[in-house]
Structure formats: C-alpha cells, structure tokens
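Trainee: quick one, structure for this:
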Amino acid sequence: MSNKENIKGPVSSRLTVLRSHLSPDSSSSTMASEKEAALAADPFDAPPMYFFIHFYIFSECITCGFDKIIKKEIPANVVYEDDKVLAFRDIAPQAPKHILIIPKVKDGLTGLSKAEERNIEILSHLLYTAKLVAKQEGLEDGFRAVINDGPQGCQSVYHIHVHLLGGHQMNWPPG
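Mentor: The predicted structure is shown next:
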C-alpha cells in the first residue's frame, strides 16, 4: 500500500476534495465546490500530521500546483506573462472570462492577510496586470478582480492570486 493510500480520516477527506477540485479532467458533477475546496485546503485547523503529509508525501498537492504551472511542469492556458507574474485561464471558470494571475515568486505570500510592506510592489503589479489582461480580453465594459483569503473567504490555493472575472453582468452582493 502506498503512503497516499495509508491516509485516513479528516486528512484523507480533505485530500479527496482537493484532488477533485484541482483535477483538470474533473466533471462539474464530481468536482468539489469552492467552499468545500477552501475548507479542505485550510492549513490552520488541520492536525499536525497533516502538515507533514501535505508537504512531504504530496509533492503534486494543490499548494504546489501554481509552482508547477510557473515552471511549465503542468500545462496551463497562459494569456499573459512577464518577469513577475503569470496569468492563465481557470480550469473551472466561474464567468465567461475567468483568469488567474499569480506572482512567479511566492515569497511567503500565501494570502492577502499574510502581506507585509515588502510585498507592496508585487501586490500592485498583480492588480495592474489584471487591468492589462482585462483590456487584452476585451472586458472594456467592466470586470471583477477578486482575492480570496482564508477558509471563510473560500481560498483553496495558498499561493496568493487574483481572479479576473468578466464577460457578463456581475451581481451584488457577491457573497
């Protein structure tokens, strides 16, 4: 039995949800909801053994997925790239245009609540890139830029990223 098959209980449940959420070949009927994925990805309420399993056994885990996209180890439909950021189409779009914009260097910036003064330049570059990509994608009539933070903010990937959403009329309130 492999290490992956030995995992039991809440950790196994979390990993199943995360795998279903990330898999590019998941059908919408089997893919976990954003909320389920966010709660499953929450590193703050996980048992201590989860951290070991998460970082040691699952090298292809969700938190590493963006790093693998940056390194071109897994495919992505890239729409913009410069020396600081990469923008690509979301595999589970929530709008006609749904693009993720990520920093190429994580630098400990797992979420907006973890930002420090030293992150101001990359944070502003992420938002400026959202503007550039929106124009490139023909979203002149408007778009939404979203940063999910923490489990209650439905953050499912702990590598800060901006969701650029557009291509139809957005509604308010969003939550």
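Trainee: report the longest strand in the protein, please.
Mentor: Assignment by DSSP state E gives strand 97-103 as the longest strand of the chain.
Trainee: who does that strand pair up with?
Mentor: With DSSP bridges as the test, strand 97-103 is paired with strand 85-89 (antiparallel), strand 162-166 (antiparallel).
Trainee: where does the chain dip in pLDDT?
Mentor: 1-64 (pLDDT under 70).
Trainee: which stretches in it count as helices?
Mentor: Listed in chain order, the helices of the chain (DSSP state H) span residues 3-6, 9-22, 34-41, 48-52, 62-70, 120-136.
Trainee: deepest of the strands paired with strand 97-103, which one?
Mentor: Counting by mean count of other C-beta atoms under 10 Å, strand 162-166 has the highest mean neighbour count of the strands paired with strand 97-103, with a mean of 23. C-beta coordinates here come from the backbone N, C-alpha and C atoms, glycine included.
Trainee: and that strand with helix 120-136, angle?
Mentor: Strand 162-166 runs at 20 degrees relative to helix 120-136, counting by axes from the mean of the first three to the mean of the last three C-alpha atoms, to 10 degrees.
Trainee: what are the C-alpha coordinates of strand 162-166, in PDB please?
Mentor: Only the C-alpha atoms of strand 162-166 are listed here, as PDB (Å, rounded to 0.1, in the frame of the first residue of the first chain):
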ATOM      1  CA  VAL A 162      -6.100  37.400  -8.300                       C
ATOM      2  CA  HIS A 163      -9.200  36.100 -10.000                       C
ATOM      3  CA  LEU A 164     -10.100  38.200 -13.000                       C
ATOM      4  CA  LEU A 165     -13.800  37.600 -13.800                       C
ATOM      5  CA  GLY A 166     -15.800  39.100 -16.700                       C
END
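Trainee: list the contacts of it.
Mentor: Residues from elsewhere that reach strand 162-166 (C-beta atoms under 8 Å, 6 or more residues apart in numbering): 87, 90, 94-102, 126-127, 129-130, 133-134, 137, 139, 142-148.
Trainee: still on that earlier bit, I'd like the strands paired with strand 97-103 written out as CSV, with distance to Gly153 added.
Mentor: Listed next are the strands paired with strand 97-103 as CSV, based on distance: least, C-beta to C-beta, whole Å:
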stretch, distance to Gly153
strand 85-89, 21
strand 162-166, 11
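Trainee: excluding chain neighbours, what is closest to Phe88?
Mentor: Ala76 (4.0 Å; C-beta to C-beta, 6 or more residues apart in numbering).
Trainee: give me the phi and psi for that neighbour.
Mentor: Dihedral angles of Ala76 (phi, psi; degrees, to the nearest 10) stand at phi -150, psi 150.
Trainee: contact partners for it?
Mentor: Contacts for Ala76 (C-beta under 8 Å, 6+ apart) come out as 69, 86, 88-89.
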